[in-house]
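Colleague: return a 3D structure for these sequence lines:
(chains A and B)
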Number of protein chains: 2
Amino acid sequence: MAPNSDLPKSFGLLVYPGFEALDAFGPMEVVNTLSCTHDMTLAVIAATRDPVSTQSKGVHAVGQSVVPTHTFADAPPLDVLFIPGGWGGFNTGPETLEFLRRVVPKTGHLITVCNGSAVAAQAGLLDGKRATTNKAFWKDCVAYGPKTEWVAQARWVQDGNIWTSSGVSAGIDAALAWVGSIFGEEKATDIANNMEFVRTTSSTSDPFSSMFKCEDVPRQS
Amino acid sequence: MAPNSDLPKSFGLLVYPGFEALDAFGPMEVVNTLSCTHDMTLAVIAATRDPVSTQSKGVHAVGQSVVPTHTFADAPPLDVLFIPGGWGGFNTGPETLEFLRRVVPKTGHLITVCNGSAVAAQAGLLDGKRATTNKAFWKDCVAYGPKTEWVAQARWVQDGNIWTSSGVSAGIDAALAWVGSIFGEEKATDIANNMEFVRTTSSTSDPFSSMFKCEDVPRQS
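Modeller: Reported below is the predicted structural model:
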């Protein structure tokens, strides 16, 4: 294990019913692989310790369930938190938003995937920030953040210690870019190659923005 | 829901301790999205119903746990089975191999990801077949299949109803190609675009084979 006393060590993943599988497990693949060489912890955080399914009832016929390790009540202090999107992200409920409002300001880094940025925006965490989100449901997502400057042509957007990615698989690119910025580009490249992932290394390389006819949305208020 | 009486309906995912997160959840993202328009079931199958972690002890510091829905003893008849790789795949044990030997010959389609093909090869399921596997651990993987013709320059290989993919993220491309072959290319493209996944559509487009200096391995016996 590489010594990493100054590096992020306490990782967290928020899960809620109807979270998107790849939104969470793309970045978690990056995190798991990083943990082969860096000492760290991971808290999988939900409202309760009951298994949480990716299945959004009425949308998917099937899903997979993951086991939280912590609840909103006992989550440890975090150096970095990942917020996935998913159908459930359009209505996570007040308890989730309250948790985010309480914890994120004390968290070193925030990484959202897909409409995970809409969840963060709903909690007010993206007020006055530049961000991006899912391109296939662009208008639905940006509506959650009237105080956010939404960038359409972006695989991901970094604004300080907040990283927001475009839809689903873009979370892998954002996670790798974040690893590159913190743990070094060599580590990010090594992880991507071991994942045999054909990586997008430019934050503005985004074929889906034009495909889904997305346009920048300025801060409304 | 589209009527699909002749299409695969009973999906299965094998999990075992130390399975690779993205090997499973890349293809599951495809399956979950497919299930928005096609009626289907999914069995997450393991030795027992205890949660199964991606963490390979001594390799990863962290992992995530998923909840099986079925055991080897009560798994339903399957139209398609996904076998992920991962560090645990190098030693799944006799019970897993016995399950595969019993079930796969009666399963319509087999899709392996990464060294999931080494698991399948160990069970004898790739004897006399063409296949590919993880490129970063190529020699370790192909050693599990002396009766298999291993193809190095491949994102995935289809041999009849057996699809084997290269490492980790290649499973997404293989799953999408499989969906294209069964449910139509339009459906595969639609799923990929909604995943905002920059897809590899050629089975022989594989930058990692040369990166990791992999060479074809003929059938040894």
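
Colleague: any chance you could map the strands in chain A?
Modeller: According to DSSP state E, chain A carries its strands in the segments A:10-14, A:41-46, A:52-53, A:65-66, A:70-71, A:80-83, A:109-112, A:130-131, A:149-150, A:156-159, A:162-165.

Colleague: the nearest residue to residue A:200 once chain neighbours are set aside: neighbour count?
Modeller: In this structure, residue A:200 finds its nearest non-sequential neighbour in residue A:173, 4.6 Å apart by Cβ to Cβ, 6 or more residues apart in numbering or on different chains. Every C-beta, even on glycine, is put in place using the N, C-alpha and C of the backbone. Counted by other Cβ atoms under 10 Å in any protein chain shown, the residues lying close to residue A:173 total 27.

Colleague: now do the contacts for residue A:173.
Modeller: Neighbouring residues of residue A:173 by Cβ atoms under 8 Å, 6 or more residues apart in numbering or on different chains: A:155-156, A:165, A:199-201.

Colleague: go again with 7 Å.
Modeller: Contacts for residue A:173 (Cβ atoms under 7 Å, 6 or more residues apart in numbering or on different chains) come out as A:155-156, A:165, A:199-200.

Colleague: out of the residues you listed, which comes closest to chain B?
Modeller: residue A:200 (6.5 Å; Cβ to the nearest Cβ).

Colleague: okay, the residue nearest to residue A:200 and residue B:183: tell me how far apart.
Modeller: 27 Å (Cβ to Cβ, to the nearest Å).

Colleague: likewise residue A:170?
Modeller: Where residue B:183 is concerned, residue A:170 sits at a distance of 24 Å (Cβ to Cβ).

Colleague: and these two? Which one has more around it.
Modeller: Shown here are residue A:170 and residue B:183; by other Cβ under 10 Å, residue A:170 has more neighbours (31 against 19).

Colleague: what pLDDT does that one get?
Modeller: You'll see residue A:170 listed with a pLDDT of 97.

Colleague: swap in the one 4 residues further on?
Modeller: The per-residue pLDDT reported for residue A:174 equals 98.

Colleague: residue contacts, it?
Modeller: Taking Cβ under 7 Å, 6+ apart, one finds A:111, A:113, A:156, A:163, A:165 in contact with residue A:174.

Colleague: for the last one, which non-adjacent residue is closest in space?
Modeller: Nearest-residue entry for residue A:165: residue A:174, 3.6 Å, with adjacent residues in sequence omitted and distances by Cβ to Cβ, 6+ apart.

Colleague: what's the answer for the second one, then?
Modeller: The shortest distance from residue A:113 to any non-neighbouring residue, by Cβ to Cβ, 6+ apart, is to residue A:171 (3.2 Å).

Colleague: the one you found and residue A:112 touch, don't they?
Modeller: No. Using Cβ atoms under 7 Å, residue A:171 makes no contact with residue A:112, being 8.3 Å away.

Colleague: please enumerate the shared neighbours of these two.
Modeller: Common neighbours of residue A:171 and residue A:112, counting by Cβ under 7 Å, 6+ apart, are residue A:165.

Colleague: where do the helices sit along chain A?
Modeller: All helices of chain A, identified by DSSP state H, fall at A:21-34, A:94-103, A:116-122, A:138-142, A:170-183, A:185-194, A:207-211.

Colleague: the residue nearest to residue A:113 and residue A:125, how far apart?
Modeller: 17 Å.

Colleague: same question, residue A:219
Modeller: Between residue A:219 and residue A:125 the distance is 15 Å, computed by Cβ to Cβ.

Colleague: specify which residue of those two has the higher count of neighbours.
Modeller: residue A:125 (23 against 14).

Colleague: give me the nearest residue to that one, chain neighbours excluded.
Modeller: Residue A:125's closest residue in space is residue A:104 (Cβ to Cβ, 6+ apart), at 5.3 Å.

Colleague: got it, and residue A:59?
Modeller: Nearest to residue A:59 is residue A:87, by Cβ to Cβ, 6+ apart, at 5.0 Å.

Colleague: number of residues surrounding the one you found?
Modeller: For residue A:87, using other Cβ under 10 Å, the count is 20.

Colleague: residues touching it, list them.
Modeller: Taking Cβ under 7 Å, 6+ apart as the test, what residue A:87 contacts is A:18, A:56, A:59.

Colleague: do residue A:7 as well
Modeller: A:38, A:182-183.

Colleague: contacts only, for residue A:118.
Modeller: A:89-90, A:133, A:141, A:144-145.

Colleague: repeat the analysis, applying 10 Å as the threshold.
Modeller: A:83, A:85, A:89-90, A:92, A:112, A:126, A:131, A:133-134, A:137, A:140-145, A:148, A:164 (Cβ atoms under 10 Å, 6 or more residues apart in numbering or on different chains).

Colleague: any idea how far apart the tips of stretch A:52-67 sit?
Modeller: 6 Å (Cα to Cα, to the nearest Å).

Colleague: tell me the buried residues in it?
Modeller: A:52-56, A:60-67 (16 or more other Cβ atoms under 10 Å in any protein chain shown).

Colleague: tell me if I'm right that residue A:151 and residue A:138 touch.
Modeller: No. Between residue A:151 and residue A:138 no contact is recorded; they are 11.0 Å apart, counting by Cβ atoms under 10 Å.

Colleague: state the distance from residue A:111 to chain B.
Modeller: 15 Å (Cβ to the nearest Cβ, to the nearest Å).

Colleague: burial count for that residue?
Modeller: Considering only other Cβ under 10 Å, residue A:111 is surrounded by 28 other residues.

Colleague: and it, what are its bridge partners?
Modeller: Beta-bridge pairing of residue A:111 under DSSP bridges involves residue A:82, residue A:163.

Colleague: that one is in contact with residue A:157, isn't it?
Modeller: No. The criterion here is Cβ under 10 Å, and residue A:111 misses it with residue A:157 at 11.2 Å.

Colleague: mutual contacts of those two, please.
Modeller: Contacts common to residue A:111 and residue A:157, judged by Cβ under 10 Å, 6+ apart, are A:117, A:163-165, A:174.

Colleague: still on that earlier bit, mind checking which of the contacts of residue A:118 are buried?
Modeller: By 16+ other Cβ under 10 Å, the contacts of residue A:118 give A:83, A:85, A:89-90, A:92, A:112, A:126, A:131, A:133-134, A:137, A:141-142, A:144-145, A:148, A:164 as buried.

Colleague: got a ChimeraX select line for the buried ones in the contacts of residue A:173?
Modeller: The ChimeraX selection below is limited to those of the contacts of residue A:173 classed as buried (16+ other Cβ under 10 Å):
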select /A:155,156,165,199,200
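
Colleague: which of the contacts of residue A:173 lies closest to residue A:48?
Modeller: residue A:165 (27.2 Å; Cβ to Cβ).
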